[in-house]
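Participant: just coords:
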């Protein structure tokens, strides 16, 4: 890839394919694969990512909200799309665009049934979400009879899957809790099978679940962060390839004398003769203020350059003392070195937050080797 002359988010579709095939290799051949592409495909580009994955044979996609599903349909995606957190105000659009809702509460179930009836639906595909311990969204274990009762004599919808979400599958110290979630889900799914006229397929595992609890893959798994190159543990990260690489350039170089300050509020005070570089990106691009003042580094020609002073809206300053570089040279914010996980950890956060926070004003550039 040629060196950049502006701030870009380079998206490696070849890395995406590698990650997908690696995760698939850990599954049974019959297990379906759902790709989570919410939040602009974890900050990259949802249409391009989904088109690539559909071409590779992904069985399902998942988004958080209806408008994200509409974007996929507008991008030509034909595969089933599960909407994880639909809102009743968007149910009509959801049906028109052939999206499949997660129904997670009595209120949502009743309201979707009503909209489906008004629009003349028959056997519209829905997914029933159960809460097994994350305590975020989902029916309770003792809601099975209520769900079945609501469906008696109704033909508007058809339950195609039951699912839940693991709370700590990446933390093996929480294995007892995770196994409790798995057991609870197994009981719920068995009860649903017994009391329904159909047999919904089951899915529970996220990326870390695929890695740590493969025996519970059931009919389908869901992967988000793993597809983008991060497996929540170093041994797995070594098998994956980061999809997104944030790059920029040096706009200007300054020579700083002892006791001079850099940036807003004079947050950096030089302890000697230093050389600094100003880069054209800032907290409006997703590099928030928490990364300033020396805790985080970027790389210039492979060498570490700490971010100094407060991050500005459109600029950051780095210390390039001792690094042979010039104005216009390329700077890697994160990608291979440092990775998004390494970069994020310097500010006590995670790769998910960093990746999904990259502003849409940053130009996306695609490679596919």
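Facilitator: All right, it came through fine. Keep in mind it's a predicted model, so treat the numbers as computed, not measured. Numbers count the residues shown, from 1 in each chain.
Participant: after the lowest-mean-pLDDT helix or strand in the chain, which helix or strand is next? Please name it.
Facilitator: Lowest mean confidence among the helices and strands of the chain (mean pLDDT, DSSP states H and E): helix 234-237, at a mean of 90. On the C-terminal side of helix 234-237, the nearest following helix or strand under DSSP states H and E is strand 244-249.
Participant: what comes up buried for that next one?
Facilitator: Using 16 or more other Cβ atoms under 10 Å as the test for burial, strand 244-249 gives 244-249. In short, each C-beta sits where N, CA and C put it, glycine included.
Participant: contacts for the least confident helix or strand of the chain, please.
Facilitator: With contact meaning Cβ atoms under 8 Å, 6 or more residues apart in numbering, helix 234-237 is reached by 211, 226, 229-231, 339, 341.
Participant: and the two most separated of these?
Facilitator: Greatest spatial distance in these: 211 and 339, 17.4 Å, computed using Cβ to Cβ.
Participant: need the contacts of helix 234-237 in TSV with secondary structure, neighbour count and pLDDT, can you?
Facilitator: Converted to TSV, those look like this (DSSP: H, G, I helix; E, B strand; the rest coil; neighbours: other Cβ atoms under 10 Å; pLDDT from 0 to 100):
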residue	secondary structure	neighbour count	pLDDT
211	helix	21	96
226	helix	27	97
229	coil	27	97
230	coil	25	96
231	coil	24	93
339	coil	19	95
341	helix	22	95
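Participant: return the closest of these with respect to residue 73.
Facilitator: Closest to residue 73 out of the contacts of helix 234-237 is residue 226 (24.7 Å), distances taken as Cβ to Cβ.
Participant: nearest residue to the closest one other than its sequence neighbours?
Facilitator: Excluding its sequence neighbours, the residue lying closest to residue 226 (Cβ to Cβ, 6 or more residues apart in numbering) is residue 207, at 3.5 Å.
Participant: shouldn't the one you found be in contact with residue 229?
Facilitator: No - between residue 207 and residue 229 there is no contact under Cβ atoms under 8 Å: 10.7 Å.
Participant: count of neighbours near residue 369?
Facilitator: Neighbour count of residue 369, defined by other Cβ atoms under 10 Å: 8.
Participant: then residue 38?
Facilitator: Residue 38 has 19 neighbouring residues, counting by other Cβ under 10 Å.
Participant: give me the phi and psi for it.
Facilitator: phi -70, psi 170 (degrees, to the nearest 10).
Participant: residue ranges in the stretch 1-150 of the chain under the pLDDT threshold?
Facilitator: By pLDDT under 70, the weakly predicted segments of the stretch 1-150 of the chain are 1-2.
Participant: what ranges do the strands span in it?
Facilitator: 8-12, 32-36, 60-63, 81-83, 100-103, 124-129 (DSSP state E, counting those that start in this stretch).
Participant: how about those in TSV, adding mean neighbour count and distance to residue 42?
Facilitator: As requested, the strands of the stretch 1-150 of the chain are exported to TSV (neighbours: other Cβ atoms under 10 Å; distance: least, Cβ to Cβ, whole Å):
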stretch	mean neighbour count	distance to residue 42
strand 8-12	22	11
strand 32-36	22	8
strand 60-63	24	12
strand 81-83	25	16
strand 100-103	24	19
strand 124-129	22	21
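Participant: let's have those strands in JSON lines, adding distance to residue 169.
Facilitator: Shown next, in JSON lines, are the strands of the stretch 1-150 of the chain (distance: least, Cβ to Cβ, whole Å):
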{"stretch": "strand 8-12", "distance to residue 169": "26"}
{"stretch": "strand 32-36", "distance to residue 169": "14"}
{"stretch": "strand 60-63", "distance to residue 169": "17"}
{"stretch": "strand 81-83", "distance to residue 169": "19"}
{"stretch": "strand 100-103", "distance to residue 169": "19"}
{"stretch": "strand 124-129", "distance to residue 169": "17"}
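Participant: go through those and name the closest to residue 280.
Facilitator: Nearest to residue 280 among those is strand 8-12 (11.0 Å), distances taken as Cβ to Cβ.
Participant: which residue is the nearest non-sequential neighbour of residue 334?
Facilitator: Looking at residue 334 with Cβ to Cβ, 6+ apart, the closest residue is residue 343, at 4.2 Å.
Participant: so that neighbour, which of the three states?
Facilitator: helix (DSSP: H, G, I helix; E, B strand; the rest coil).
Participant: so it touches residue 296, yeah?
Facilitator: Yes - with contacts counted by Cβ under 8 Å, residue 343 reaches residue 296, the gap being 6.3 Å.
Participant: that older thread, so which of the strands of the stretch 1-150 of the chain comes closest to residue 197?
Facilitator: With Cβ to Cβ as the measure, strand 124-129 is the member of the strands of the stretch 1-150 of the chain nearest residue 197 (14.3 Å).
Participant: mind listing the strands the closest one pairs with, and their directions?
Facilitator: Here strand 124-129 is paired, per DSSP bridges, with strand 100-103 (parallel), strand 157-163 (parallel).
Participant: now the longest one against strand 32-36, angle please.
Facilitator: This points to strand 157-163. On the basis of axes from the mean of the first three to the mean of the last three Cα atoms, to 10 degrees, strand 157-163 is oriented at 90 degrees to strand 32-36.
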